[in-house]
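1. sequence? don't have it. structure:
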């Protein structure tokens, strides 16, 4: 007998028919003798509908009241899921975030989980109930309803699995696992049976939007065994997300590269002709951070004439804001020659925990791109990934040739 | 400065525009220096939509889970109402039943309020907030969400007014007060400035569906000053519902009859030729009560031949069930000659606290009906009403001639 937390996203509970499907899957696991906790999101579209309603009465809705409203989305789904289970003759009981209680800080609409009281759920599980918990929501120390922000239902699932010391946290979504890259770009993309947390983080943050990053970090921190599965197929074991440590012995058998990630959400900001002296990076990025603009890649090249070029990337939506900050507060101050932005770029990353022990991955990546005549504008590396920025029009081509070059279609 | 509880029903908060209207009215009262607690229902139609969703996954939804689902209707409205108030620059804060906390028993879908913790609301009122409370819902001692049953938002308003010792509980609805009868039947019907609780109870239970009966009982018990007003008009003081005691001195000036109530929701069950001996009423009505069928009027006539006819009324929807119970379990047992039902009836009542001290009301009522050739099938009286059952086709005619006979159109 295992204790399994199953999390179902908005598309998996989009209507009564799909909720009945969820109930049937839970029933199968229950019949195998497992204890099951189900975490559900709001029916897809509901949260946006509630936000739109809020905006009709207040242009910029107060976050506390917004949370009161949007938390009702999951509350409807937990009731329906519990009812669908009962209709199959299974004992079931729903829990709101308040009822669990999932204690969070008071940062409405983006709260962080501080503690989970697992007592009542444990007791109900032992009494034979399936516990159906509302994802995405919690309660602060004063009883105010909070939400964890977009995608927060994944985090609820992982946090519950950690608190209950569950054997596995299964994340059901509309894809049947994590792929070597997006199958819409590379039809030969292959589902990975296993992937490490670190690789998953890189793949997720780079645009493989299977799991919410925070939930993966959370799972890593609390050593929760995470599995991504499709809620629309009954076959298949999905992709298991493992801790790197577990794989140490078998490292030699691990593939060097696990996948190719990509996104075109970023824009490049170039500060040209900056005096090459200490403190310049802080003088440029300090005001950007003060304006609450997230920065991803940062590159500084030293030129021959005692000046340097400083380049970094931000989200496309914030390019205008970042340029304004630099022109208002930085350009004259640091005596930069020119400041410009480019949002016609894409980032393509080769990700793999195995690359640490293999030389030559970078050179193979650069050669492959060069052979196709794709110019590399920026390079950034970490222990387990190499990311390049290229002209966005070459993005799909780059992903396809890299996927082939690293033989990812072969299992 | 007064403390006023204002309750707005489903049609008053049916959409964002109406919620903005509610916020504007609250703002006007706030500007007068009053402390305001707002109680809101779900947007009209929402509760039925949620019940339909529940029934899609479970034919007869479990009441605990149904309450989890339907309580979200009011939760959305409190958030929206608080936001609409903030948009007007007014400090506002929403409360679910759990957050207040409105403690109820555990009778899901028809829970009764046991206690209200007024502490937090008092504090927020003193801090200048308008408190927006979800009607219709509460929480049991174990933290389970409960609902008070249909119309329960009125009860929430009155119970809060009692707990907070409010100066007045204003019930906003789609009519501008209590009328001498339904203006759709009698265009001359007149709005009453004042009515006693007892009269209100009779008028409400007889079909003047302005206020939920339980809330009126509650208001009477806790001596809450209740006022019915229209949420669609800014003028007018509505109808004040008073305690009889307050009116003792001015009784002579009170009108004898305050209104004519009517409904066609009942059916008549006739048990003919029953042996006239002790215990017969219990033998007939015991099995009816055991089957959870509510009985309204009960009449027994003694015949000349040692047998009696026993007649009572039930809700139309339950006539079939009641007949089946009688034929299965009662008829042979008590040796009744015949059992029959008639659902083509209407009940018309003349209501007035003043009739206790005036003879002749009954005879005037019967004469008026006789003059129109309307046959009376059953009669039932109480201290403050006389009700008759007639053929339903004469209902409107009876209401009109009685309204005129008792000169209710004149103020």
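-> It's in. Since this is a predicted model, take the numbers as computed values, not measurements.
2. which element is the closest residue to residue A:135 other than its chain neighbours on?
-> Distances taken as Cβ to Cβ, 6 or more residues apart in numbering or on different chains place residue A:153 nearest to residue A:135, at 2.8 Å, with adjacent residues excluded. In short, each C-beta sits where N, CA and C put it, glycine included. Applying DSSP states H and E as the criterion places residue A:153 in helix A:152-163.
3. distance of the residue of chain A positioned farthest from its centre from residue A:378?
-> Most distant from the centre of chain A: residue A:305, at 42.5 Å, with distances by Cα atoms, centre = their mean. To residue A:378, residue A:305 is 21 Å away according to Cβ to Cβ, to the nearest Å.
4. Please apply the same query to residue A:62.
-> On the measure of Cβ to Cβ, residue A:62 and residue A:378 end up 41 Å apart.
5. go on, residue A:325?
-> Applying Cβ to Cβ, the value for residue A:325 to residue A:378 is 21 Å.
6. Can you read off the pLDDT for residue A:212?
-> pLDDT for residue A:212: 73.
7. so the closest residue to residue A:68 other than its chain neighbours is in which element?
-> Once flanking residues are discounted, residue A:68 sits nearest to residue B:79: 4.0 Å by Cβ to Cβ, 6+ apart. Residue B:79 belongs to helix B:63-87 when assigned by DSSP H and E.
8. could you point out which element follows that helix?
-> Using DSSP H and E, the helix or strand that directly follows helix B:63-87 along the chain is strand B:92-95.
9. what's that next one packed up against?
-> helix A:63-87, helix B:63-87, helix B:119-126, strand B:130-134 (3 or more Cβ pairs under 8 Å, 6 or more residues apart in numbering or on different chains; DSSP states H and E).
10. how far out from the middle of the chain is it?
-> Centroid separation for strand B:92-95 versus its chain: 27 Å, with Cα atoms, centre = their mean, to the nearest Å.
11. The residue nearest to residue A:68: neighbouring residues, count only.
-> Residues within reach of residue B:79, counting by other Cβ atoms under 10 Å in any protein chain shown, total 31.
12. Pull the contacting residues for it.
-> Shown in contact with residue B:79 (Cβ atoms under 8 Å, 6 or more residues apart in numbering or on different chains): A:54, A:65, A:66, A:68, A:69, B:94.
13. quick one on the thing from earlier: what's in contact with the helix holding residue A:153?
-> A:5-7, A:9, A:37, A:39-41, A:74, A:97, A:102, A:113, A:116, A:118, A:121, A:133-137, A:148, A:166, A:168-169, A:171, A:211-212, A:214-215, A:218-219, A:222-224, A:226.
14. Check stretch A:356-375 too.
-> Stretch A:356-375 is contacted by residues A:251, A:256-257, A:350, A:352, A:355, A:376, A:381, A:383-384, A:386, A:388, A:390-391, A:394, A:397-398, A:401-402, A:405-406 when judged by Cβ under 8 Å, 6+ apart.
15. Give the buried subset of these as a PyMOL selection command.
-> PyMOL command restricting the contacts of stretch A:356-375 to the buried ones, with burial defined by 16 or more other Cβ atoms under 10 Å in any protein chain shown:
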select buried, chain A and resi 256+257+350+352+355+384+386+388+390+394+397+398+401+402+405+406
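16. Output the set of residues of chain A in proximity to chain B.
-> Within chain A, the residues that sit near chain B (Cβ under 8 Å from any Cβ of the partner chain) are A:16, A:19-20, A:23, A:50, A:53-54, A:56-59, A:61-62, A:64-66, A:68-69, A:71-72, A:75-76, A:78-84, A:86-87, A:92-94, A:96, A:98-99, A:143-145.
17. just the buried members of those residues?
-> Buried members of the residues of chain A next to chain B, counted by 16+ other Cβ under 10 Å: A:16, A:19-20, A:23, A:50, A:53-54, A:56-58, A:61-62, A:64-66, A:68-69, A:71-72, A:75-76, A:78-84, A:86-87, A:92-94, A:96, A:98-99, A:144-145.
18. Can you give me the distance of residue A:290 to residue A:284?
-> Computed with Cβ to Cβ, the distance linking residue A:290 and residue A:284 is 12 Å.
19. Just list the residues touching the residue in the stretch 151-300 of chain A that chain B sits nearest to, thanks.
-> At 16.1 Å from chain B, residue A:231 is the closest residue in the stretch 151-300 of chain A, using Cβ to the nearest Cβ. Residue A:231 is in contact with A:8, A:9, A:11, A:12, A:18, A:21, A:22, A:25, A:172, A:173, A:174, counting by Cβ under 8 Å, 6+ apart.
20. change it to 10 Å
-> Taking Cβ atoms under 10 Å, 6 or more residues apart in numbering or on different chains as the criterion, residue A:231 is in contact with A:6-9, A:11-13, A:18, A:21-22, A:25, A:170-176.
21. Just the buried subset of these, written out for ChimeraX, thanks.
-> Command for ChimeraX, covering only those of the contacts of residue A:231 found buried under the criterion 16+ other Cβ under 10 Å:
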select /A:6,7,8,9,11,12,13,18,21,22,25,170,171,172,173,175,176
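22. Can you find the helix or strand of chain A with the lowest average pLDDT?
-> Least confident helix or strand, chain A: helix A:197-205 with a mean of 76, by mean pLDDT, DSSP states H and E.
23. ok now that helix, how far from the chain's centre?
-> The chain centre lies 8 Å from the centre of helix A:197-205; the measure is Cα atoms, centre = their mean.
24. which strands and helices sit next to it?
-> Contact analysis of helix A:197-205 by 3 or more Cβ pairs under 10 Å, 6 or more residues apart in numbering or on different chains; DSSP states H and E lists strand A:194-196, helix A:213-222, strand A:226-230, strand A:239-242, strand A:259-263, strand A:345-351, strand A:385-391 as its packing neighbours.
25. looking at those, which has the lowest confidence?
-> Ranked by mean pLDDT, the helices and strands packed on helix A:197-205 end with helix A:213-222 at the bottom, a mean of 82.
26. need the helices for the stretch 201-350 of chain A, in chain order.
-> Taking DSSP state H, counting those that start in this stretch, the helices of the stretch 201-350 of chain A run over residues A:213-222, A:280-290, A:319-325, A:331-334.
27. buried stuff in stretch A:154-174?
-> The neighbour-count check on stretch A:154-174 (16+ other Cβ under 10 Å) flags A:154-164, A:166, A:168-173 as buried.
28. quick one: contacts for residue A:220?
-> Counting by Cβ under 10 Å, 6+ apart, residue A:220 has contacts A:158, A:196, A:197, A:198, A:200, A:201, A:226, A:241, A:243, A:244.
29. Check the spacing between the fifth one and residue A:240 real quick.
-> To residue A:240, residue A:200 is 10 Å away according to Cβ to Cβ.
30. okay, the two: which has more neighbours?
-> The residue with more neighbours, out of residue A:200 and residue A:240 and counting by other Cβ under 10 Å, is residue A:200; that gives 28 against 18.
31. Run through chain A and note the low-pLDDT ranges.
-> Residues of chain A that meet the criterion pLDDT under 70 lie in A:150-151, A:204-210, A:244-255, A:303-304, A:357, A:411.
32. distance of the closest residue to residue A:214 other than its chain neighbours from residue A:107?
-> Leaving aside its chain neighbours, residue A:214 sits nearest to residue A:155 (5.3 Å; criterion: Cβ to Cβ, 6+ apart). Taking Cβ to Cβ as the measure, residue A:155 falls 13 Å from residue A:107.
33. what touches both of the two?
-> A:148, A:149.
34. Residue A:51: how many residues sit nearby?
-> For residue A:51, the count of nearby residues is 16 (other Cβ under 10 Å).
35. Could you check the angle whichever strand or helix holds it makes with helix B:63-87?
-> Residue A:51 is part of helix A:46-57, with elements assigned from DSSP H and E. With axes from the mean of the first three to the mean of the last three Cα atoms, to 10 degrees defining the directions, helix A:46-57 sits at 30 degrees from helix B:63-87.
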